[in-house]
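# here is the input, now give the coordinates:
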Amino acid sequence: MRIGVLSDTHSKILPSVMIEDFKTVDLIIHAGDICTLDDLKVLQPLAKLEGVQGNMDDAGVKNMFPRKKILRCGKKLIGVYHGEGPSKRVLDFVKKEFADDKVDVVVFGHSHCPCQEKINGVLYFNPGSPTDQVCAPYCSYGILDIEDDQVTGRIIKIEE
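Modelled structure (predicted):
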């Protein structure tokens, strides 16, 4: 299973290289700060779309997506949560949010900074933002590949 992962798109135009890449995924996970439902129209025709709400999302997005969710993808459980707090502490808040959940991967956003870190057997995966580098050195998105009992993540730097 191949999963396209993005976060913090903030109603900006999505990069064409990411759109092309997402045409080959089985699932897209948006980790919040979509902003409006109109912004999903580009992603919805590409693959099944799952997501959570972020702190900047309007009422329409908040009605469509929960604050937190856990998805079964093959043999793996993927937790999804936008995140909160200052950029340097987002991972701490995310770990606390899933402390009582049995998950293999946690997808999150909020900081706009890509992160891929395995802690106590759980892969914490922030794809960064494909449209905004407020706190990050570059724009990016992610791909998670699930094959048998393995999950591998890739952060993809956007060069457009």
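
# now stretch 15-31, how far from the centre of its chain.
Counting by CA atoms, centre = their mean, to the nearest Å, stretch 15-31 is centred 11 Å from the centre of its parent chain.

# straight-line length of it, end to end?
17 Å (CA to CA, to the nearest Å).

# stretch 77-94 too?
16 Å.

# now swap in stretch 88-107 and tell me
Terminal residues of stretch 88-107 are spaced 16 Å apart (CA to CA).

# in that stretch, what counts as buried?
Using 16 or more other CB atoms under 10 Å as the burial criterion, the residues of stretch 88-107 that qualify are 90, 91, 93, 94, 97, 98, 103, 104, 105, 106, 107. In short, each C-beta sits where N, CA and C put it, glycine included.

# now distance to residue 4, secondary structure and pLDDT too, for the residues you listed, in CSV please.
As requested, the buried residues of stretch 88-107 are exported to CSV (distance: CB to CB, whole Å; DSSP: H, G, I helix; E, B strand; the rest coil; pLDDT from 0 to 100):
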residue, distance to residue 4, secondary structure, pLDDT
90, 21, helix, 96
91, 22, helix, 97
93, 24, helix, 97
94, 20, helix, 98
97, 23, helix, 97
98, 21, coil, 98
103, 19, coil, 98
104, 18, coil, 98
105, 14, strand, 98
106, 17, strand, 98
107, 11, strand, 98
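
# closest one of these to residue 156?
Closest approach between the buried residues of stretch 88-107 and residue 156, by CB to CB: residue 107, at 14.6 Å.

# distance of the closest one from residue 32?
Computed as CB to CB, to the nearest Å, the residue 107 to residue 32 distance reads 10 Å.

# what does residue 4 give?
From residue 4 to residue 32 the distance is 15 Å (CB to CB).

# one more: residue 143?
In this structure, residue 143 and residue 32 are separated by 18 Å, where distance is defined by CB to CB.

# for the closest residue to residue 103 other than its chain neighbours, give me its contacts.
In space, residue 103 comes closest to residue 79 once its chain neighbours are excluded; the distance is 4.1 Å by CB to CB, 6 or more residues apart in numbering. By CB atoms under 8 Å, 6 or more residues apart in numbering, the contact set of residue 79 is 68, 69, 70, 71, 97, 98, 101, 103, 105, 106, 107.
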